[in-house]
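Asker: I need the structure of the sequence given here:
(chains A and B)
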Protein chains: 2
Amino acid sequence: MPSTQTYESRSQTHPTAAGRKLLQIMAQKRTNLCLSIDHTDPETILSLVHQLGPKICLLKTHIDIIAFPPTTPIRSFTAKLQELSREHAFMIFEDRKFADIGSTVQHQYRGGVYEIASWADITNAHSVPGPGIIRGLKEVADGIGQPRGLLLLAEMSSRGNLGGGEYQERTLAMARDREWRGFVMGFIAMKEVGGGGEAEGEDFIVMTPGVGLQVGGDGLGQQYRTPEEVVSRDGCDVVIVGRGIIGADDPVAVAEVYRERSWRAYEGRIRRKE
Amino acid sequence: MPSTQTYESRSQTHPTAAGRKLLQIMAQKRTNLCLSIDHTDPETILSLVHQLGPKICLLKTHIDIIAFPPTTPIRSFTAKLQELSREHAFMIFEDRKFADIGSTVQHQYRGGVYEIASWADITNAHSVPGPGIIRGLKEVADGIGQPRGLLLLAEMSSRGNLGGGEYQERTLAMARDREWRGFVMGFIAMKEVGGGGEAEGEDFIVMTPGVGLQVGGDGLGQQYRTPEEVVSRDGCDVVIVGRGIIGADDPVAVAEVYRERSWRAYEGRIRRKE
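Answerer: You can find the predicted model right below:
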């Protein structure tokens, strides 16, 4: 059953520091909207984030699709993103979908030209490599000195994906290991995951992609649901929207529609407790 | 049952151009060894590849763990790798483990600062997002004008991984779609995959990581088998070795031991036909 607890009350008790911070932002700004900024031009991204920052609790990036000119240091771009995140009070989620063995993801998370762990508050990983991937990422996160959270992919929004079912059960079992209680903050999934664990202080934040104002798809297997479906019916906490906002003629106005509909869907959900 | 066909004969009939080229190199150079160059310094990598190029059929890279100095253009590094690959006759396999929806992996494969599709002959992807990931990557590959091959991850070498079993069955079914017959060249797996499809002209090249001269592990869940186990007993075609060579006092001598043992294991396997 979808959680009827408020984000505010969950922000007091969430087992991860990154989760507490995110839930607090959501409650204070009254937004459960995550903007997926799937653009390839760094200046356009900064300009959009500057405009849309007030609407969102979370910014989801794909740093590795950005066409940085040879003269633009990547570090100055990520520093600007961090400045914007402080100014507008949102967190940053690099949607890296780590999917390798522990020793490799450590390098990918900490190093390379992107140095993801240094600027992304949150990242995510597939569970298919087994628990070593979480252990590897956690060792890097522990060395950062800032709250760092991990989401596991329990299922995906694309057609024919192999997540869900037994795969999701095993992913949930991995997430529940007490060794990374303060690091694994939740899931990317299509609906609530692990309901019934609240008694043991469990509280997975579920973020969901594939949300549009109408139902549809993209020809490459992506499928869409509405904010009401994902938040109220399916119990997701954070609504991830990309092309629906970025591709609109008036991104700020459309983002406000998404924010308001997603927030009302959440308010409807918590009222069910009464 | 492990294939008893020679690499040479398979190089005539393999359904993918990248696979034909790789099998030809393997037969001519008498090597089924892939070097996994998990180093973070670009100059060290180039120097090791220069020394080890003659021993290998394939170089496996993680471009995103390399600490490029701000003044080193990534494109000049990848151009040097390509030069070395022509000089010593090996192919390049960027071990990206793509794992996102089709529209995102297109950008990740083609763009960003790494421009993987422009220099990597081969890359790989997880099947968990569903068939859209293959379709997305293939559209990019088709625009390159050079042979480009994709490996799917059927299972992994790390402890507790969620591959294998039904997951692998569904991955195999995805790989068999005729839409990408000329693109999906094989699998990353622990043993042969899809045996019995040869009648329909199917010929998946199986590459396997987690190979050492002794049996063991790394504390982050990685597990090792010997070249004889993987090639002769388990029917793998290409042996992927990283730390076992790179971490040795004399990488060239150790690479030769891996090459020779892996090649003899292959010779033993094809002799079983008689």
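
Asker: Regarding A:Val252, what is its secondary structure?
Answerer: helix (DSSP: H, G, I helix; E, B strand; the rest coil).

Asker: Find the residue closest to it in space, skipping its chain neighbours.
Answerer: A:Gln51 (5.5 Å; Cβ to Cβ, 6 or more residues apart in numbering or on different chains). The C-beta positions use only the backbone N, C-alpha and C, and glycine is treated the same way.

Asker: And that neighbour, how far from B:Ile240?
Answerer: 46 Å (Cβ to Cβ, to the nearest Å).

Asker: Those two: which is more packed in?
Answerer: Between A:Gln51 and B:Ile240, counting by other Cβ atoms under 10 Å in any protein chain shown, B:Ile240 is the more crowded of the two (21 against 13).

Asker: what's across from the more buried one in the sheet?
Answerer: B:Cys34 (DSSP bridges).

Asker: tell me the contacts of it?
Answerer: B:34, B:36, B:60, B:207-211 (Cβ atoms under 8 Å, 6 or more residues apart in numbering or on different chains).

Asker: By neighbours, which of those residues wins?
Answerer: B:Cys34 (30 neighbours).

Asker: which residues of the stretch 1-150 of chain A fall in helices?
Answerer: A:7-13, A:17-29, A:42-52, A:74-88, A:102-110, A:116-119, A:132-142 (DSSP state H, counting those that start in this stretch).

Asker: Can you pull the residues of the stretch 101-250 of chain A lying near chain B?
Answerer: Neighbours of chain B within the stretch 101-250 of chain A, by Cβ under 8 Å from any Cβ of the partner chain: A:101-104, A:106-108, A:111-114, A:126-133, A:135-136, A:153, A:156-163, A:166-167, A:170-171, A:174, A:218, A:220-222.

Asker: Just the buried residues of the residues you listed.
Answerer: By neighbour count, with 16 or more other Cβ atoms under 10 Å in any protein chain shown, those hold A:101-104, A:106-108, A:111-114, A:126-133, A:135-136, A:153, A:156-159, A:161-163, A:167, A:170-171, A:174, A:218, A:220-222 as buried.

Asker: And the closest residue to chain B within the stretch 1-150 of chain A, how close does it get to A:Gln108?
Answerer: Across the stretch 1-150 of chain A, the shortest distance to chain B (Cβ to the nearest Cβ) belongs to A:Gly132, at 2.8 Å. Per Cβ to Cβ, A:Gly132 is found 14 Å from A:Gln108.

Asker: Could you take the contacts of B:Ile240 and lay them out as CSV, with extra columns for distance to A:Val193?
Answerer: As requested, the contacts of B:Ile240 are exported to CSV (distance: Cβ to Cβ, whole Å):
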residue, distance to A:Val193
B:Cys34, 37
B:Ser36, 34
B:Lys60, 34
B:Met207, 33
B:Thr208, 33
B:Pro209, 30
B:Gly210, 30
B:Val211, 36
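
Asker: Format the residues you listed as CSV; extra columns: pLDDT.
Answerer: Converted to CSV, the contacts of B:Ile240 look like this (pLDDT from 0 to 100):
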residue, pLDDT
B:Cys34, 98
B:Ser36, 97
B:Lys60, 98
B:Met207, 98
B:Thr208, 96
B:Pro209, 92
B:Gly210, 87
B:Val211, 92
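
Asker: Which members of the residues you listed occur in strands, if any?
Answerer: Counted as lying in strands by DSSP state E, out of the contacts of B:Ile240, are B:34, B:36, B:60, B:207-208.

Asker: Reformat these into CSV and put distance to A:His14 next to each item.
Answerer: Output for these, formatted as CSV (distance: Cβ to Cβ, whole Å):
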residue, distance to A:His14
B:Cys34, 44
B:Ser36, 39
B:Lys60, 40
B:Met207, 42
B:Thr208, 41
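
Asker: Just give me the closest of those residues to chain A.
Answerer: Nearest member of these to chain A, counting by Cβ to the nearest Cβ, is B:Ser36, at 9.5 Å.

Asker: who's in contact with the closest one?
Answerer: B:60, B:95, B:209, B:240-242, B:246.

Asker: Identify, from those, the entry nearest to B:Glu267.
Answerer: B:Val241 (18.5 Å; Cβ to Cβ).

Asker: tell me the contacts of the closest one?
Answerer: B:33-36, B:211-212, B:255, B:258.

Asker: Closest to A:Lys191 out of these?
Answerer: Nearest to A:Lys191 among the contacts of B:Val241, with distances taken as Cβ to Cβ, is B:Ser36, at 38.3 Å.

Asker: Please report how far the closest one lies from A:Arg264.
Answerer: From B:Ser36 over to A:Arg264 (counting by Cβ to Cβ), the distance is 51 Å.

Asker: How about A:Pro15?
Answerer: 28 Å.

Asker: The two - which one has more neighbours?
Answerer: Between A:Pro15 and A:Arg264, counted using other Cβ under 10 Å, the more crowded position is A:Pro15 (18 against 14).

Asker: I figured the more buried one hits A:Trp180, correct?
Answerer: No: assessed by Cβ atoms under 8 Å, A:Pro15 is found out of contact with A:Trp180, at 10.0 Å.

Asker: quick check, A:Leu213 in a helix?
Answerer: No: counting by three-state DSSP, A:Leu213 is not found in a helix; it is coil.

Asker: which residues touch it?
Answerer: Counted by Cβ under 8 Å, 6+ apart, A:Leu213 has contacts A:226-227, A:244, A:257-258, A:261.

Asker: Recalculate using a threshold of 7 Å.
Answerer: A:226, A:244, A:257 (Cβ atoms under 7 Å, 6 or more residues apart in numbering or on different chains).

Asker: same deal with A:Arg96?
Answerer: Taking Cβ under 7 Å, 6+ apart, one finds A:116, A:123-124 in contact with A:Arg96.

Asker: where do the helices sit along the stretch 151-274 of chain A?
Answerer: Using DSSP H, counting those that start in this stretch, helices in the stretch 151-274 of chain A cover A:165-175, A:227-228, A:243-246, A:251-271.

Asker: Show me how far the shortest one is from its chain's centre.
Answerer: Yep, that's helix A:227-228 we're talking about. Centroid displacement of helix A:227-228 relative to its chain, using Cα atoms, centre = their mean, to the nearest Å, is 17 Å.

Asker: Residues touching that helix, excluding its own?
Answerer: Taking Cβ under 7 Å, 6+ apart as the rule, helix A:227-228 contacts A:211, A:239, A:258, A:261-262, A:265.

Asker: Tell me the most packed of those residues, by neighbour count.
Answerer: Busiest of those [other Cβ under 10 Å] is A:Val239, holding 30 neighbours.

Asker: What sits closest to it if chain neighbours are left out?
Answerer: Using Cβ to Cβ, 6+ apart, the closest residue to A:Val239 is A:Ser262 (4.4 Å).

Asker: isn't that neighbour right up against A:Leu33?
Answerer: Yes: if you go by Cβ atoms under 7 Å, A:Ser262 and A:Leu33 touch, sitting 5.5 Å apart.

Asker: Can you work out which residues contact both of the two?
Answerer: A:Val239.

Asker: got the contact list for the residue of the stretch 1-150 of chain A closest to chain B?
Answerer: A:Gly132 touches A:101-102, B:158-159, B:220-221, counting by Cβ under 7 Å, 6+ apart.

Asker: next one: A:Thr40
Answerer: Here A:Thr40 is in contact with A:65-67, B:107, B:111 (Cβ under 7 Å, 6+ apart).

Asker: could I get the residues you listed as JSON lines with pLDDT and distance to A:Asp41?
Answerer: As requested, the contacts of A:Thr40 are exported to JSON lines (pLDDT from 0 to 100; distance: Cβ to Cβ, whole Å):
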{"residue": "A:Ile65", "pLDDT": "97", "distance to A:Asp41": "10"}
{"residue": "A:Ile66", "pLDDT": "97", "distance to A:Asp41": "7"}
{"residue": "A:Ala67", "pLDDT": "95", "distance to A:Asp41": "7"}
{"residue": "B:His107", "pLDDT": "98", "distance to A:Asp41": "12"}
{"residue": "B:Gly111", "pLDDT": "96", "distance to A:Asp41": "11"}
